[in-house]
Every structure is written in structure tokens, then in C-alpha cells.
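K.L.:
Mind folding the following:
(one chain, ligands or ions: 1)
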Amino acid sequence: MINFDHIKGVIWDLDDTLYSVTPDLHKSMRESAARAVVKMGYPVTYEEALIMAERSQAEYRLTVKMLCDEFKIDKRDLHLPFHAEMDHTVTKACEDLPAAFAAKPHLQHILMTHASRDWALRMLDHLRIAEFFLPDAVLGLEDVDFNHKHESEYVAKCCMDILGTKPHETAFVEDREYNLTIPKKLGMTTVLIAHPSQSPKLPEHVDVKFTRAADFLENVGVMPSSAIA
Ligand SMILES: [Mg+2]
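P.N.:
Reported below is the predicted structural model:
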């Protein structure tokens, strides 16, 4: 069992970690992508772009991949316009998440998402947990020079610098297990939040798995009682 007594800082993922991505949000993402490429002036109608976004989600689980490939769009150029129009109100907040954060005032929190900072700020507000994150502790992909969590130590080190914690005092919480490989190598506690896409067997670089983010918070400072594995 993992002892969480030493944890002082938590690096949070957003999508499918602090809330569940729903079919309505996938629809909003397709519509946002289509609107963005039309507004940016690429030679495609909204309806055509929407069909490409649908196929891209179905084939690659990535909304903008086929649009970027077809029109040779640098994903960095589409990043902010794509996320700007996504509708956060179609997502459902976890009712007990604000109380779970409030119950652990000794923890410092930082949010790091591969989406945009604007999306993260809107979602934190919607989830009623914005007050637990300092303004400079909410990072989008654009804030870390488009370095991805699974590709570079830069992201995890940047987050720890802002938190002011050492690796052994830091937990990294994610729904994608491959994003926990580097945090584990750096010496952090790695926490996986359950998602249907995951294999039932817990990978070696994952210390512990919980059903929900609130379940993890409830166990910080005590031996976990509701860990899945
Ligand atoms: Mg995620």
C-alpha cells in the first residue's frame, strides 16, 4: 500500500481526471474544430470540416488530426482557436470535488493540461475548484512550449518549480498511464484515475489507481482505503 503522508504538492491533469469527457463534449470539440478552421480561412466549408473532425475522432481519437494533415495546419496554430470555442457547460461537475479539495488545505495544487490554459480556467471555475489553484499554477500546452507530458521531463520539472516541491513530495495524477512514465522516473508518486480505455492490469510505473479524483484526495495523509489496486 502507498503512504501519502509525504505528499505536499499535486500535479493534476484535467480532462478525464478532474471530470469525465462526455459524448456532448466530443460533439462540442468537433464543432469547435470545424468553426476554427473555417474562421482561419482554410478552403473548406463548416459542414465538410465537421465530417473530417468526426472521422478524425473515430479513427484517431484526436479531433483535429485529419484537418491538420489535410490542410497542413501546424497544430500550434490551431491550439488556441480550437479550445476557445469548446463549450464547458456540457460537462458535469463531480459534486463532492470542492469539499475534497477544501478538506486538505496543506496541499499545493497545479493543473497541467494538453488543452489550453483558457479551457482549464473555464473548467476549474465550472468544477467549483478554481480557488484551490493560484493563477500561475494553471498551465496549458502553450505555457510549456508545447512539450507533452509523455515526451519530455520539462513539463514535470516546470510544475515542480512552480509548486516548490521535491519529487518525493509530489503526486502526479492522470487518466493516461503513459503520461506517468516520466513522473515515476523522476521519483514522484504516480496516481492513475480510472478510465474505460485502460488495461485492467496496473503498469509498473503506476503506484496507485483510484476511481475518482476525490477518492485520491480523501486518502492523502492516510493509508488509502479505496484504492483499486
Ligand atoms: Mg486526461
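
K.L.:
And for Leu80, the neighbour number?
P.N.:
Using other C-beta atoms under 10 Å, Leu80 is surrounded by 16 other residues. Quick note: C-beta positions are derived from backbone N, CA and C, even for glycine.

K.L.:
Not counting its neighbours along the chain, what's nearest it?
P.N.:
For Leu80, ignoring the flanking residues on the chain, the nearest one in space by C-beta to C-beta, 6 or more residues apart in numbering is Ser116 at 5.6 Å.

K.L.:
Give the burial count for that neighbour, as a bare number.
P.N.:
There are 21 residues near Ser116, going by other C-beta under 10 Å.

K.L.:
what's it in contact with, if anything?
P.N.:
Residues counted as contacts of Ser116 (C-beta atoms under 8 Å, 6 or more residues apart in numbering) are 79-80, 83-84, 140-142.

K.L.:
Out of the residues you listed, which two are the most distant from each other?
P.N.:
Ala84 and Leu141 (13.8 Å; C-beta to C-beta).

K.L.:
what's in contact with stretch 54-68?
P.N.:
Contacts for stretch 54-68 (C-beta under 8 Å, 6+ apart): 26, 29-30, 33, 37, 42, 44, 49, 52-53, 73-75, 78, 82.

K.L.:
So what's the model's average confidence on that stretch?
P.N.:
Across stretch 54-68, the average pLDDT comes to 95.

K.L.:
now do stretch 131-142
P.N.:
Mean predicted confidence for stretch 131-142 is 96.

K.L.:
Can you point out the buried residues in it?
P.N.:
For stretch 131-142, a neighbour-count test (16 or more other C-beta atoms under 10 Å) marks 132-133, 137-141 as buried.

K.L.:
quick one: which of those residues is nearest to the ion?
P.N.:
Distance to the ion, by C-beta to the ion, is smallest for Leu141 among the buried residues of stretch 131-142, at 12.2 Å.

K.L.:
and the residue nearest to the closest one when sequence neighbours are not counted, how many neighbours?
P.N.:
Leaving aside its sequence neighbours, Leu141 sits nearest to His114 (C-beta to C-beta, 6+ apart; 5.0 Å). His114 sits with 19 neighbouring residues when counted by other C-beta under 10 Å.

K.L.:
rewinding a little: sitting in helices, which of the contacts of stretch 54-68 do you find?
P.N.:
26, 29-30, 33, 37, 49, 52-53, 75, 78, 82 (DSSP state H).

K.L.:
Walk me through the domains of this protein.
P.N.:
9-20+92-219, 23-89 (automatic domain parsing).

K.L.:
Name the residue most distant from the centre of the protein?
P.N.:
In the chain, counting by C-alpha atoms, centre = their mean, Pro43 sits farthest out from the average C-alpha position, at 31.7 Å.

K.L.:
residues touching it, list them.
P.N.:
Phe71.

K.L.:
could you pull out the helices for the chain?
P.N.:
Going by DSSP H, the chain shows helices at 23-39, 46-60, 65-71, 75-84, 97-102, 117-126, 153-163, 181-185, 213-219.

K.L.:
Out of those, which is closest to His205?
P.N.:
Of the helices of the chain, nearest to His205 by C-beta to C-beta is helix 181-185, at 4.0 Å.

K.L.:
Quick check: buried residues in that closest one?
P.N.:
In helix 181-185, counting by 16+ other C-beta under 10 Å, buried: 181-184.

K.L.:
swap in stretch 144-151?
P.N.:
144, 147, 149-150.

K.L.:
So is that stretch next to the ion?
P.N.:
No: judged by C-beta under 5 Å from the ion, stretch 144-151 stays clear of the ion, getting no closer than 9.4 Å.
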